[in-house]
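A.B. asks: Sequence and predicted structure below; questions after.
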Amino acid sequence: MHVEFTVTRTHVKRVLGLLATAVVTMIALGSCTDSSGKQEQDRTLGGYSQLVARQPSQTMNYSPTRNTANFWINTWNKPGKLSYVYLQNSDGEILGYYVFKGLPVPYCVSLTPPDQVNGSGNNYGVVRKAPAVDGVYYGEGDCSRYFGMDATTGAYVEYTAGLGINVLLYDQPLPNNPNVKPLGRTRIDKDGKPVTQ
């Protein structure tokens, strides 16, 4: 079967006319959107400027937040430091504990940047995340799953937080909890020392 299609000047004129109409319509709609979007942006920024002029931000002579962040650094900046991880249900009952060498680490931690920059010369244009103060990158992956190293055996341990399970993390064992069972290979003896089960 052979089909013949003939393009006439009339067809070409109609197609060009439709394309021209489409281009004009898109430009008109684009200018309306840009105009109204710019008005909204100007209104928002203008309101912000008025609020800043009336209520300028204050400055602090001392930062309790920075002090606590430095306390975290000083607490965990010790090789071999033990962490005590207690899992608690939604009723407040402690289900058990792990003793880790170092801190538990969520799966959303990476040793390398989570993004990749492609390009060359001045064509990069990507803002990359900086590593946190502990030298790792946060935010990619499953942040509800944690892993760590058992304190006395070096065994790999993994657990999940969320869905009614809360995590209590300490740098010392909780006192007066003799009935809380160890979940890993390390238990806390009566003197508060970690020992292999």
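C.D. replies: Cool, got the structure.
A.B. asks: Please count neighbours and contacts with C-alpha atoms only from this point.
C.D. replies: Noted.
A.B. asks: middle-most residue in the protein, spatially?
C.D. replies: G139 (3.0 Å; Cα atoms, centre = their mean).
A.B. asks: check contacts around it.
C.D. replies: C108, V109 (Cα atoms under 8 Å, 6 or more residues apart in numbering).
A.B. asks: before we move on, what about A155?
C.D. replies: With Cα under 8 Å, 6+ apart, A155 has these contacts: M149, R185.
A.B. asks: lowest average confidence, helix or strand, in this protein?
C.D. replies: In the chain, no helix or strand scores lower on mean pLDDT, DSSP states H and E than helix 9-54, which sits at a mean of 71.
A.B. asks: distance of the nearest residue in space to S144 that is not next to it in sequence from Y138?
C.D. replies: Distances taken as Cα to Cα, 6 or more residues apart in numbering put A161 closest to S144, at 5.2 Å, once the chain neighbours are dropped. Distance of A161 to Y138, computed by Cα to Cα, to the nearest Å: 17 Å.
A.B. asks: Those two: which is more packed in?
C.D. replies: Y138 (20 against 15; other Cα atoms under 10 Å).
A.B. asks: Please name the nearest non-neighbouring residue to that one.
C.D. replies: Of all residues beyond its chain neighbours, the one nearest Y138 is V109 (4.7 Å), with distances taken as Cα to Cα, 6+ apart.
A.B. asks: tally of neighbours for the one you found?
C.D. replies: As a burial measure, V109 scores 18 neighbours (other Cα under 10 Å).
A.B. asks: Please name the residues that touch it.
C.D. replies: So V109 contacts V136, Y137, Y138, G139, E140, G141 (Cα under 8 Å, 6+ apart).
A.B. asks: Strands - which of those land there?
C.D. replies: Secondary structure assignment by DSSP state E places Y137, Y138 of these in strands.
A.B. asks: for the contacts of V109, which one is nearest T21?
C.D. replies: T21 has its nearest neighbour among the contacts of V109 in E140, at 46.2 Å by Cα to Cα.
A.B. asks: Excluding residues flanking it in the chain, which one is nearest that closest one?
C.D. replies: Closest residue to E140 apart from its sequence neighbours, by Cα to Cα, 6+ apart: C108 at 4.7 Å.
A.B. asks: surely that neighbour meets V136?
C.D. replies: No: in this structure, C108 is not within contact of V136 by Cα atoms under 8 Å, at 10.1 Å.
A.B. asks: Which stretches in this protein count as helices?
C.D. replies: Using DSSP state H, the helices of the chain run over 9-54, 64-76.
A.B. asks: mean confidence for the shortest one?
C.D. replies: Confidence for helix 64-76, expressed as mean pLDDT, is 96.
A.B. asks: Show me how far it is from its chain's centre.
C.D. replies: 20 Å (Cα atoms, centre = their mean, to the nearest Å).
A.B. asks: i'd like the first residue to be 17 from this point on
C.D. replies: Happy to do that; since the first residue is 17 now, the last one works out to helix 80-92.
A.B. asks: buried set for that helix?
C.D. replies: W92 (16 or more other Cα atoms under 10 Å).
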